[in-house]
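[1] could you look at this predicted model? Sequence included:
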Amino acid sequence: MLKKGLSIIAGTLLLGSGLLAQTLTVYTALESDQVKPYLESFKKEQPDIEVKVVRDSTGIITAKLLAEKANPQADVVWGTAATSLVLLEQNDMLQPYAPSSLDKIEPQFRDSKNPPAWVGNDVWGSAICFNEVEAKKQNLPLPTSWEDLTNPIYKGKIVMPNPASSGTGFLDVNAWLKIFGEKKGWDYMDKLHENIGQYTHSGSKPCKMAAAGEFPIGISFEYRAAKSKKEGAPIAIVYPKEGLGWDLEATDIIKGTKNLDAAKKFVNWATGESANKLYAENFAVVAYKGLSKKVEHIPENYASMLIKNDFTWAAKNREAILAEWSKRYESKSAPIK
């Protein structure tokens with residue numbers, strides 16, 4: 001009897017000290033500089049769940065998940081493009097779950113089914129980083145539209161993300177097909193390609209390169225543009241007047257997880273109020289009702305600039321779009337390290 005009592009006490013102490021903590025494998029495409037402060041918040045709420053993060057660009061995370069379909073390694077996908085999560089859902093890879101704060105989520109920022117297969121966290125969208133110092137040296141005018149970027153004066157001066165590896169690159173391509181129509185969209189990309197110096201494998205990198213003066217113009221997204229400007233980079237941020245491509249960073253549970261209870265706790269946190277308050281420090285539009293606020297260097301009317309989006313169409317056509325894009329433009333892609 002004494003032994004049994006001691007075992008229970010020892011077990012309680014081990015659990016309290018975290019030695020029996022559950023380990024959750026979380027795949028994410030969030031920016032590296034966001035993951036740590038976000039997870040510190042989760043750890044305060046769930047100290048007995050250890051989180052192993054696998055982080056990469058959206059396209060690479062998506063390809064990894066699809067390759068692991070028969071033997072999933074992830075328990076949760078967090079902060080990854082909704083278009084990718086819809087694709088996973090179409091492949092029957094998601095475990096539907098209604099998180100505890102579902103009624104607080106804006107309806108357009110979640111899967112419409114009940115329970116939903118995925119729930120959004122925040123919106124990220126197109127932005128152009130324009131290095132004003134380099135532009136002055138090279139006598140380059142400030143572009144104000146997507147169409148402006150096809151001006152021959154910018155030949156070799158623009159860097160943008162490869163849509164196969166970058167969610168930012170894919171949301172741009174998807175936007176151009178929506179804004180200009182399919183035929184004119186590809187015609188637009190043909191002209192833009194003439195001015196591209198390099199396609200990167202990260203959505204952040206074009207803005208970082210523009211901020212450093214490696215290229216005068218980087219097609220990137222608003223978080224990285226605003227952060228670079230706040231840190232003192234000599235850039236103007238351009239939000240093209242035709243409209244902005246966008247996607248949702250979203251979260252879901254992978255079907256077949258052996259850690260379903262811990263996965264649900266993580267999704268409750270990732271879609272809840274405390275996490276959304278952190279997202280709102282970086283993004284102007286978050287999924288949780290009433291928490292979106294003004295972010296420095298992002299215009300107050302940002303939400304009105306976003307194009308009308310169709311995640312289901314984008315997911316369904318993703319493979320064909322990327323195959324066509326690669327056939328036409330892959331020659332200028334940076335080597336994959």
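    It's in. Numbering: from 1, shown residues only.

[2] average pLDDT across the strand ranked longest in the chain?
    For the chain, the strand with the greatest residue count under DSSP state E is strand 119-131. The average pLDDT within strand 119-131 is 98.

[3] ok, and what's touching the longest helix seen in the chain?
    The longest helix of the chain (DSSP state H) is helix 311-329. Contact with helix 311-329 is made by 82-84, 86-87, 90, 163-164, 170, 173-174, 177, 186, 189-190, 193, 196, 199, 247-248, as judged by C-beta atoms under 8 Å, 6 or more residues apart in numbering. For every residue, glycine as well, the C-beta is placed using N, CA and C.

[4] and that helix with strand 119-131, angle?
    Orientation of helix 311-329 against strand 119-131 (axes from the mean of the first three to the mean of the last three C-alpha atoms, to 10 degrees) gives an angle of 40 degrees.

[5] now for the longest strand of the chain, which elements pack on it?
    helix 167-180, helix 205-212, strand 217-221, helix 222-230, strand 235-238, strand 246-254, helix 273-282, helix 302-305 (3 or more C-beta pairs under 8 Å, 6 or more residues apart in numbering; DSSP states H and E).

[6] following the first one, which helix or strand shows up next?
    Pointing back at helix 167-180 there. helix 182-195 (DSSP states H and E).

[7] show me this protein divided up by domain.
    Per automatic domain parsing, the domain ranges recorded for the chain read 18-123+247-298, 124-245+308-332.

[8] columns mean neighbour count on top of the ones you listed, output as JSON lines?
    Formatted as JSON lines, the domains of the chain follow (neighbours: other C-beta atoms under 10 Å):
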{"stretch": "domain 18-123+247-298", "mean neighbour count": "19"}
{"stretch": "domain 124-245+308-332", "mean neighbour count": "20"}
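
[9] what ranges do the helices span in the stretch 1-150 of the chain?
    2-17, 32-45, 58-67, 82-90, 132-138 (DSSP state H, counting those that start in this stretch).

[10] residues in contact with the last one: which ones?
    Put plainly, it is helix 132-138. Contacts of helix 132-138 (C-beta under 8 Å, 6+ apart): L140, P141, L142, K157, G213, F215, P216, P234, I235, A236.

[11] touching, the second one and L149? I think so.
    Read that as P141. No: checked against C-beta atoms under 8 Å, the pair P141 and L149 is beyond contact range at 11.2 Å.

[12] which residue packs closest to N195, ignoring adjacent ones?
    Excluding its sequence neighbours, the residue lying closest to N195 (C-beta to C-beta, 6 or more residues apart in numbering) is Y154, at 4.4 Å.

[13] residues contacting the one you found?
    Applying C-beta under 8 Å, 6+ apart to Y154 gives the contacts L140, P143, N195, P216, I217.

[14] my guess is the first one contacts P216. True?
    In other words, L140. Yes: counting by C-beta under 8 Å, L140 does reach P216; the two are 5.7 Å apart.
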